[in-house]
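Peer 1: predicted structure and sequence below. I'll ask about it afterward.
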Amino acid sequence: MIRGRFAAVLFLGTIAFAGSALAAPQYARLSYTADPQNSVAVAWNTTANTSGEVQYGTASGSYTKTVTAKTTQANAGLGYIHEAELTGLTPNTKYYYIAGATADGFTGEASFTTGPVPDPSCGSVKFSFLADNRPDPIFGGGENWPQIMGQAANHKPAFMLNGGDLVIDGDKIDQWLKLLGWTSPVAKSIPFMPAMGNHDTGPGAGDGANYNQIFALPRSTGPNGSNTEDYYYFTYANAIFVSLNTENHKTGSIPFADQAAWLDGVLTANPKKWKFVYFHKPVYTTGTAVSHPPNEEKQNAAFVPVFDKHHVDVVFQSHNHWYERFEPSACATKGNPGSSNPCSVGATNFAQGTVYIVSGGAGAFTVPAFLCGNTAGRAKCLDPHHYVLVDIKNETMKVETWGAFPQANQVIDTITVTKVPDPLCGTPPDAGVDSGSGGAAGGGGSAGASGSAGSAGSAPDASVGGASSGGGAGVSSGGASSGGASSGGASSGGASSGGAKSGDSGDDGGCGCRTAGSASGPAALLLLSGLGLALARRRRRD
């Protein structure tokens, strides 16, 4: 009898333990759904239906406030998703938090730093952009993502933008769970703001898609908004960031014309000094037998006029698995907004054009740069896995592209843009995870600039040129590439996530394509054969 009672107690204890484990919080992640200076969103998953809350405060281990989370049953396999929006926070302040429930346990402590108070023209912000971290069906590569994301996190950006293709198949729950496991160690402290890629769609669109359920993002409200998270914007310091969608327009719910009209309204209402737009399928890129073409969805005619009208500083794109940077372009200004080719206004004429960057090197198999060919208006084409780091201090923006592997912790491309300085602006410290300062909404006019590109490591300032509405400003640009096409191979690499080192890595031969050490002879034939196999089996989600 005693043995039977012991067995019953043991059984009930096992059931209780299993229930608690199912309710344990997993995959904590941060994002913005409102103003970053005084709010942040915390999301996490549980297998069982349970309540949730976030406890937080400004001292480690001392949580003086509690916010109850909204709990939603997600698509089968995702379990329950809990989202808590922390509001009324103090700007430029470090907070510590735990998420979960008293009965079921909490996540380990993590921290974040709120954004600065906006200022009419001054501000500081550091952020990163990276994309196409999905595994490749043939060559793998998804395991590269946590290494590359970790290297980007070492720079302590205030937040991370992602251009999409987070998974291979957006319908598959196991892929999303694996992504969350890889992403949470960084995203629990650095807000993660993605755009939807063609591999991320499904099942369905809008709130029914796994992508939309997993991430807590702003909704596109107002005129021409879809009231979904498919496209959205947020502001930080003296900059605005807009995520567009090149996928779900096919359902008819968010045509490109509607997105463009919405974007026009958003940029008009938020005249920030610095403007950034990011999405998946590129406006401009180099189409080859193993890469996607530019203007693939005929989005240029809708988007480019708005970019030119508001002088968007940088457009980040992905989809092609390499790095490309184009000279400042203004096709709408030149009367050809629907062009699939950029309309260069000069290699460093940042005052009159938008810089278009293709960054698809955060994990997936990369395309060798020797296949880039010669594309008019392109400044760089490189193939290492990489991420882009943008550092803004008042009127100066530095855009650095960092190699992950095989060129870990090396700067492979850089440009610097300087707008009209405000005499009231000082030099604020970095705005990153541990510190942030300054702020700034508002929008100074574009600075006139001219100059020639310098090599990485030197990048001398260019002379002042003709000015538009804001007057003159010094600019510089540079960067370099090195090595052959080996980084386009399937190797996962063994990148270090240690401290960053800067430096250039060679010469690009003048056309943006890497020449030193390029694959040739039998090695090139073998590589091309492998690429042919990849092309034959590559899955393109429409």
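Peer 2: Perfect, thanks for sending it.

Peer 1: what comes up buried for stretch 45-53?
Peer 2: By neighbour count on 16 or more other Cβ atoms under 10 Å, the buried set for stretch 45-53 is Asn45, Thr46, Thr50, Ser51, Gly52, Glu53. Backbone N, C-alpha and C define where each C-beta goes, glycine included.

Peer 1: how are the strands of the stretch 1-150 of the chain distributed by residue range?
Peer 2: 26-31, 40-46, 53-57, 65-68, 70-73, 80-86, 94-101, 105-106, 110-113, 124-130 (DSSP state E, counting those that start in this stretch).

Peer 1: now do the longest one against strand 40-46, angle only.
Peer 2: Between the direction of strand 94-101 and that of strand 40-46, the angle (axes from the mean of the first three to the mean of the last three Cα atoms, to 10 degrees) works out to 30 degrees.

Peer 1: residue ranges with poor pLDDT in the protein?
Peer 2: Scanning the chain for pLDDT under 70 picks out 1-21, 120, 137-141, 248-254, 426-542.

Peer 1: tell me where it has helices.
Peer 2: 2-22, 144-153, 173-187, 210-214, 256-269, 300-309, 521-537 (DSSP state H).

Peer 1: measure Gln151 to His386 for me?
Peer 2: 9 Å (Cβ to Cβ, to the nearest Å).

Peer 1: whoops, I mixed them up, Cys425
Peer 2: 31 Å.

Peer 1: more crowded one of those two?
Peer 2: Neighbours were counted for Cys425 and for His386 using other Cβ atoms under 10 Å; His386 has more, 30 against 19.

Peer 1: right, and that one touches Phe405 too?
Peer 2: No: checked against Cβ atoms under 8 Å, the pair His386 and Phe405 is beyond contact range at 9.2 Å.

Peer 1: deepest of the strands of the stretch 1-150 of the chain, which one?
Peer 2: strand 124-130 (a mean of 27; mean count of other Cβ atoms under 10 Å).

Peer 1: export that strand to CSV, keeping only CA atoms.
Peer 2: Only the C-alpha atoms of strand 124-130 are listed here, as CSV (Å, rounded to 0.1, in the frame of the first residue of the first chain):
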residue,chain,number,x,y,z
SER,A,124,23.2,59.8,-32.0
VAL,A,125,22.3,56.3,-33.0
LYS,A,126,24.1,53.1,-33.9
PHE,A,127,22.3,50.2,-35.6
SER,A,128,23.0,47.2,-37.7
PHE,A,129,21.4,45.7,-40.9
LEU,A,130,21.8,42.0,-41.9
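
Peer 1: list the contacts for Ser318?
Peer 2: Residues near Ser318 by Cβ atoms under 8 Å, 6 or more residues apart in numbering: Ala131, Asp132, Gly163, Gly164, Asp165, Gly197, His280, Pro282, Val358, Ser359, Gly360.

Peer 1: quick check: the gap between it and Asp132.
Peer 2: Taking Cβ to Cβ, one finds Ser318 at 5 Å from Asp132.

Peer 1: what residues are shared contacts of those two?
Peer 2: Gly163, Gly164, Asp165, Gly197, Ser359, Gly360.

Peer 1: just flag the most distant two among those.
Peer 2: Gly197 and Ser359 (12.4 Å; Cβ to Cβ).

Peer 1: what's the closest of the buried residues of stretch 45-53 to Ser291?
Peer 2: Closest to Ser291, out of all of the buried residues of stretch 45-53 and judged by Cβ to Cβ, is Asn45, at 35.0 Å.

Peer 1: who's that closest one bridged to?
Peer 2: Beta-bridge partners for Asn45, by DSSP bridges, are Gln26, Ile81.

Peer 1: list the residues that contact both of Gly197 and Ser359?
Peer 2: Common neighbours of Gly197 and Ser359 (Cβ under 8 Å, 6+ apart) are Ala131, Asp132, Gly163, Ser318.

Peer 1: what residue, apart from its backbone neighbours, is nearest the second one spatially?
Peer 2: With Cβ to Cβ, 6 or more residues apart in numbering as the criterion, Asp132 has its nearest non-adjacent residue at 3.7 Å, and that residue is Gly360.

Peer 1: backbone dihedrals for the one you found, please?
Peer 2: Gly360 adopts backbone torsions of phi -130, psi 40, taken as degrees, to the nearest 10.

Peer 1: that one: neighbouring residues, count only.
Peer 2: Gly360: 31 neighbours (other Cβ under 10 Å).

Peer 1: do Pro185 as well
Peer 2: Neighbourhood size, Pro185 [other Cβ under 10 Å]: 15.

Peer 1: mind checking how far it is from His280?
Peer 2: 24 Å.

Peer 1: show me the domain layout of the chain.
Peer 2: Domain ranges of the chain: 2-113, 124-537, per automatic domain parsing.

Peer 1: tell me which of those domains sits most buried.
Peer 2: The most buried one of these (mean count of other Cβ under 10 Å) is domain 124-537, showing a mean of 21.

Peer 1: off-centre distance for that domain?
Peer 2: 7 Å (Cα atoms, centre = their mean, to the nearest Å).

Peer 1: over to stretch 102-111?
Peer 2: Centroid separation for stretch 102-111 versus its chain: 27 Å, with Cα atoms, centre = their mean.

Peer 1: ends of it, how far apart?
Peer 2: With Cα to Cα, to the nearest Å as the measure, stretch 102-111 spans 19 Å from end to end.

Peer 1: distance-wise, check the nearest residue in space to Ala330 that is not next to it in sequence relative to Pro223.
Peer 2: Spatial nearest neighbour of Ala330, excluding adjacent residues (Cβ to Cβ, 6+ apart): Gly353 at 4.4 Å. From Gly353 across to Pro223, the span is 28 Å (Cβ to Cβ).

Peer 1: repeat that for Tyr96.
Peer 2: Shown here: Tyr96 relative to Pro223, a distance of 40 Å by Cβ to Cβ.

Peer 1: repeat that for Glu324.
Peer 2: In this structure, Glu324 and Pro223 are 33 Å apart, going by Cβ to Cβ.

Peer 1: kindly report the same for His310.
Peer 2: Taking Cβ to Cβ, one finds His310 at 16 Å from Pro223.

Peer 1: and for Thr102?
Peer 2: 44 Å.

Peer 1: what of Pro337?
Peer 2: 21 Å.

Peer 1: which of the contacts of Ser318 lies closest to Pro421?
Peer 2: Ser359 (28.8 Å).

Peer 1: who are the neighbours in contact with the closest one?
Peer 2: Here Ser359 is in contact with 129-132, 163, 316-318, 323, 386-388, 401 (Cβ under 8 Å, 6+ apart).

Peer 1: spatially nearest residue to Pro36 (excluding sequence neighbours)?
Peer 2: Gly115 (3.6 Å).

Peer 1: I figured the one you found hits Asn92, correct?
Peer 2: Yes: under the criterion of Cβ under 8 Å, Gly115 makes contact with Asn92 at 7.2 Å.

Peer 1: re earlier: overlap of the contact sets of His386 and Phe405?
Peer 2: By Cβ under 8 Å, 6+ apart, no residue touches both His386 and Phe405.

Peer 1: how about the shared contacts of Gly197 and Ser359, which pair is most distant?
Peer 2: Once Cβ to Cβ is applied, the shared contacts of Gly197 and Ser359 give Asp132 and Gly163 as the farthest pair, at 7.1 Å.

Peer 1: overlap of the contact sets of these two?
Peer 2: With Cβ under 8 Å, 6+ apart, Asp132 and Gly163 have common neighbours Gly197, Ser318, His319, Ser359, Gly360.

Peer 1: quick one, what contacts the nearest residue to Glu327 once chain neighbours are set aside?
Peer 2: Closest residue in space to Glu327, ignoring its immediate chain neighbours: Ser344 at 4.4 Å, by Cβ to Cβ, 6+ apart. Counting by Cβ under 8 Å, 6+ apart, Ser344 makes contact with Phe326, Glu327, Pro328, Ser329, Gly353, Ala376, Gly377.
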